[in-house]
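Asks: return a 3D structure for these sequence lines:
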Amino acid sequence: MKKVLAILLAAVVGLSTVACSSDDVASVDGKGISKKEYIEQLKFTKLMYEMQYGDKIWDQMKSQNKEYQETVKKNVLQSMVKSRVYLSYAEKNNVKPDEKVLSQYKKKNKEAFENAKAKEKFEKAGIDQAFMDKYSEQAATMTSLLNFLQKKAMPTEEEVKAKFETEGDKLDASHILIKTVDDNNKPLSDEKKAEAKKKAEDLLKQLKSGTDFAELAKKNSQDPGSAAKGGALGEFGKGQMVSEFEKAAFALKEGEISPIVETQFGYHIIKLNKRVKADYEKSKDKIKTSLINEKIKKLVDEIVKGTKTEIHEDKLKDIPFDDTETSSDKKTDEKKSTDTNKSNDSNSKDSKK
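Replies: A predicted model of the protein is given here:
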């Protein structure tokens, strides 16, 4: 649920009701995102970065990516477009802001602008309370939209039961892996692969002669996630392992060891420790949540595909990153100006001497 909300709240900005113009940096369903709106959002994004990571964030970004300014500018535009897509869908479906959430946002905005220090930061960044209230309205709309989508995505009892039947019982198994790929997941040479298979065959012989599976796994398995635990994988259900592994594991009886099983990762020897009987009452809530998330993701994909968007990244070149000054930008400029004035005064006095 939280993942879906994060998708919807990727960026929240005012919903434009203005038809496209040549000045727009993008449009969603024929409604433009103007340069003015974009600059406001860029200012706000810069301020949020500074408030979260500190004034040195831009120096840090520059050290990692010399083109960071253009990257941030493009990301802001992409986020605005995504947000407008969801908000446009909300408008078409008469989804209104969640009043309780909106009230909470507006209360926080009021408190922020009553705080002298916070107010100064917002004002120096060119962000007023009207912008924040508009921002809050869209965030509250996103909350309502999520609730709207959740209702549309709510599975029936029959769907939950069908999913439960499909997943069936779980297995508790262990395995030994001899890899046929390198650390970059690139296939080994035929010679190395043959050596890997020979090693797997030798290990299987040892197991058949009574050698302890866990000890052999600890010493030989090349699966870093399970080797130290004696090859133990814990519980897993259908659809969680690659098909070859799943098919072989589910065909085993409790305590039985498989023949060598080849997958994209290498050669496996699997031991089924026990079958875990699925309990519908214990599983249904988790299955329901999984189905809701699957359906919402599908709905979101349909919303995006069903919305006409145009993005004009070329128009961002005319919008300087540094001109959208935040508090730290202005402090730097003010300091430079003060230093320059002091220097000019000093030079003037020296010339009079």
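Asks: run a quick neighbour tally on the residue nearest to residue 253 when sequence neighbours are not counted.
Replies: Using C-beta to C-beta, 6 or more residues apart in numbering and skipping the chain neighbours, the partner closest in space to residue 253 is residue 272 (6.8 Å). Using the backbone N, CA and C atoms, a C-beta is placed for each residue, glycine as well. Residue crowding around residue 272 was assessed by other C-beta atoms under 10 Å; the count is 20.
Asks: I'd guessed residue 272 sits against residue 255; true?
Replies: Yes. With contact defined as C-beta atoms under 8 Å, residue 272 counts as touching residue 255 (6.9 Å).
Asks: would you map the strands across the stretch 151-300 of the chain?
Replies: 170-179, 232-236, 261-262, 266-276 (DSSP state E, counting those that start in this stretch).
Asks: partners of the shortest one, with directions?
Replies: The strands that strand 261-262 pairs with in its sheet are strand 266-276 (antiparallel) (by DSSP bridges).
Asks: name the residues that touch the strand it pairs with?
Replies: Residues from elsewhere that reach strand 266-276 (C-beta atoms under 8 Å, 6 or more residues apart in numbering): 169-181, 196-197, 200, 203-204, 207, 213, 222, 231-232, 235, 245, 248-249, 252-258, 260-262.
Asks: got a ChimeraX select line for the buried ones in these?
Replies: Buried residues within the contacts of strand 266-276, by 16 or more other C-beta atoms under 10 Å, are selected in ChimeraX with:
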select :170,171,172,173,174,175,176,177,178,179,180,196,197,200,203,204,207,213,222,231,232,245,248,249,252,257,258,260,261,262
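Asks: pretty sure residue 139 contacts residue 104?
Replies: No. Taking C-beta under 8 Å as the definition, residue 139 is not a contact partner of residue 104, at 9.9 Å.
Asks: looking at these two now, which is surrounded by more residues?
Replies: Comparing residue 139 with residue 104 by other C-beta under 10 Å, the one with more neighbours is residue 139, at 20 against 14.
Asks: would you map out the domains in this protein?
Replies: The record's domain parsing of the chain by automatic domain parsing lists 2-156+287-344, 169-277.
Asks: can you tell me the distance between the two ends of the last one?
Replies: End-to-end distance of domain 169-277 (C-alpha to C-alpha, to the nearest Å): 5 Å.
Asks: how far off centre is that domain?
Replies: 32 Å (C-alpha atoms, centre = their mean, to the nearest Å).
Asks: any low-confidence regions in this structure?
Replies: Scanning the chain with the threshold set as pLDDT under 70 gives 1-21, 323-353.
Asks: quick one, helices of it?
Replies: For the chain, the helices defined by DSSP state H occupy 2-8, 35-53, 57-64, 68-92, 99-114, 116-124, 129-153, 157-167, 190-208, 213-220, 243-250, 280-305, 327-352.
Asks: quick check: angle from the second one to helix 116-124?
Replies: When axes from the mean of the first three to the mean of the last three C-alpha atoms, to 10 degrees is applied, the directions of helix 35-53 and helix 116-124 differ by 140 degrees.
Asks: with the fourth one instead?
Replies: Orientation of helix 68-92 against helix 116-124 (the same axes, to 10 degrees) gives an angle of 90 degrees.
Asks: mind listing what's buried in helix 68-92?
Replies: Result for helix 68-92 [16+ other C-beta under 10 Å]: buried residues 68-69, 72-73, 76-77, 79-91.
Asks: quick one: residue 315 from residue 22, how far?
Replies: 9 Å (C-beta to C-beta, to the nearest Å).
Asks: do the same with residue 259
Replies: Residue 259 sits 69 Å away from residue 22 when distances are taken as C-beta to C-beta.
Asks: looking at the two, which one has more neighbours?
Replies: For the pair residue 259 and residue 22, the greater number of neighbours falls to residue 259 (11 against 7), based on other C-beta under 10 Å.
Asks: name the nearest residue to that one, sequence neighbours excluded.
Replies: With sequence-adjacent residues excluded and distances taken as C-beta to C-beta, 6+ apart, residue 259 is closest to residue 204, at 7.3 Å.
Asks: quick one: residues contacting the one you found.
Replies: Neighbours of residue 204 in contact, by C-beta under 8 Å, 6+ apart: 257, 259-260, 269.
Asks: need the max-distance pair from the residues you listed.
Replies: Across those, the longest distance by C-beta to C-beta is 10.4 Å; it joins 257 and 260.
Asks: can you report how many residues neighbour the residue nearest to residue 60 when sequence neighbours are not counted?
Replies: Leaving aside its sequence neighbours, residue 60 sits nearest to residue 53 (C-beta to C-beta, 6+ apart; 7.7 Å). When neighbours are defined as other C-beta under 10 Å, residue 53 has 12 of them.
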